[in-house]
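Participant: Have a look at this fold, sequence not included:
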């Protein structure tokens, strides 16, 4: 078993709308896409973000572009104009997700 960080498998692009963070994970290749599609689950993403992900996490595979769309609801403390968090935007959450470790066989 080996451990890899998500940043070794994918690039990220992220943003926000209100209190919803959207994170696009773009696999570096076909093999990496199969790994992230299998290993990046709503439960793992929610556990990784802990209390910052107060709502549901949804993941939508986009196989034609080897990507996943990760939607994290109630993730930004109410949104940019309401939150007391230092960094209230989804851009930082995408970068943070790349630090998530995956245990692979």
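Facilitator: Great, that's in hand. Small disclaimer: the values here were computed from a predicted structure and weren't measured.
Participant: any idea how far residue 52 is from residue 10?
Facilitator: Distance of residue 52 to residue 10, given as CB to CB, to the nearest Å: 20 Å. From N, CA and C alone the C-beta is placed, and that goes for glycine too.
Participant: How about residue 68?
Facilitator: 8 Å.
Participant: more crowded one of the two?
Facilitator: residue 10 (23 against 20; other CB atoms under 10 Å).
Participant: which residues touch the more buried one?
Facilitator: 25-28, 32, 36, 98 (CB atoms under 8 Å, 6 or more residues apart in numbering).
Participant: Swap in 6 Å and give it another go.
Facilitator: Contacts for residue 10 (CB atoms under 6 Å, 6 or more residues apart in numbering) come out as 25-27, 36.
Participant: so which of these is the most crowded?
Facilitator: residue 25 (27 neighbours).
Participant: Can you tell me the element it falls in?
Facilitator: strand 20-27 (DSSP states H and E).
Participant: For that strand, the averaged confidence score.
Facilitator: Across strand 20-27, pLDDT averages out at 94.
Participant: Kindly calculate the angle that the longest helix seen in the chain makes with strand 20-27.
Facilitator: Ordering each helix of the chain by length in residues (DSSP state H) puts helix 30-39 first. Comparing the axes of helix 30-39 and strand 20-27 via axes from the mean of the first three to the mean of the last three CA atoms, to 10 degrees yields an angle of 140 degrees.
Participant: Packing partners of helix 30-39?
Facilitator: strand 20-27 (3 or more CB pairs under 6 Å, 6 or more residues apart in numbering; DSSP states H and E).
Participant: Return the list of helices and strands in contact with the strand it packs on.
Facilitator: Strand 20-27 packs on strand 10-17, helix 30-39, strand 67-72, helix 90-97, going by 3+ CB pairs under 6 Å, 6+ apart.
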